[in-house]
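S.K.: need coordinates for the following:
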Amino acid sequence: RKSADQGFAVAQFDLGNMYDEGVGVAQDFNEAAEWYRKAAEQGSADAQFNLGGMYLRGRGVAQNYEKAMPWICKAAEQGLVEAQLIVGSLYREGKGVAQDLKKAVYWWHKAADQGSAGAQYILGMLYSGGERVARDLEAAHFFLSAAGKQGYEKAREPLKRVKLLYVILLAKALEITPPLKVIVHAVAVLLEMA
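M.R.: The predicted model follows:
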C-alpha cells in the first residue's frame, strides 16, 4: 500500500487488482477502480484495460461504453492483445464508438498477429462468409488454421467448410466436372486433413 500511495504505477495496479479480486483485502470495486485509474493515468496498459473493463461491466463505476473505449484503446495501442480483441468487438458492435467494421478488422489483425486464437477465428469467419468484407478463402483458411493449431475448437468445422468451398470454387473456375466418386473422395480427404 505504501508504494501505491507513493505513486508507483505497478503497486497501484497491484492494489487495484487486490481490491478487484478481494485478495488480502475486502473486495471493493470502487477502490479497485480508483487504484486502476491512478495506474492507468501513468500509462499502465494492464490498468487501462482493467479500468475500461470496469466501465464495460459497471463494476465500481457506472456502466459507460463511451468511457470504457478510450481506456481500452490506450491499452490496445500499447500492444495488449486482449484489449485489441475487445476494441475490435466494440467497433463491430458500435458500443462506445461509431460502428466501423474497417477499424474492427484492423484491431483484430493486430491481435491475430500476436497469436490471439480468438481474433484469428473472428477474421477467419469474417473472410469465409464475405459479409461486409470481400470473401477471401485463402485468408479464411490461414486464420482458421492458425486458430485451430492453437486448439481453438470452434475453428474446426468452419475450416472444413472453407476447404471444401475452396475445392468446389477451384473446380468451377477450371470448368472441371469430376465424377461423383472423385468428389466424394476429395471431400473425405479434406475432412481427414482438418
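S.K.: now do the helices in this structure.
M.R.: Assigned by DSSP state H, the chain shows helices spanning 2-5, 9-21, 29-41, 45-57, 65-77, 81-93, 101-113, 117-129, 137-149, 156-173, 180-193.
S.K.: the ones you listed into CSV, with extra columns for mean pLDDT?
M.R.: Shown next, in CSV, are the helices of the chain (pLDDT from 0 to 100):
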stretch, mean pLDDT
helix 2-5, 76
helix 9-21, 93
helix 29-41, 96
helix 45-57, 97
helix 65-77, 97
helix 81-93, 96
helix 101-113, 96
helix 117-129, 93
helix 137-149, 93
helix 156-173, 77
helix 180-193, 63
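S.K.: mind putting these in CSV, mean neighbour count included?
M.R.: In short, each C-beta sits where N, CA and C put it, glycine included. Listed next are those as CSV, based on neighbours: other Cβ atoms under 10 Å:
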stretch, mean neighbour count
helix 2-5, 12
helix 9-21, 20
helix 29-41, 21
helix 45-57, 23
helix 65-77, 20
helix 81-93, 22
helix 101-113, 19
helix 117-129, 23
helix 137-149, 20
helix 156-173, 16
helix 180-193, 12
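S.K.: which ones are touching the one residue sitting closest to the centre of the chain?
M.R.: The centroid of the chain falls nearest to residue 85 when counting by Cα atoms, centre = their mean (2.6 Å). When contacts are counted by Cβ atoms under 8 Å, 6 or more residues apart in numbering, residue 85 touches 107, 108, 111, 116, 118, 119, 122.
S.K.: done for today, thanks.
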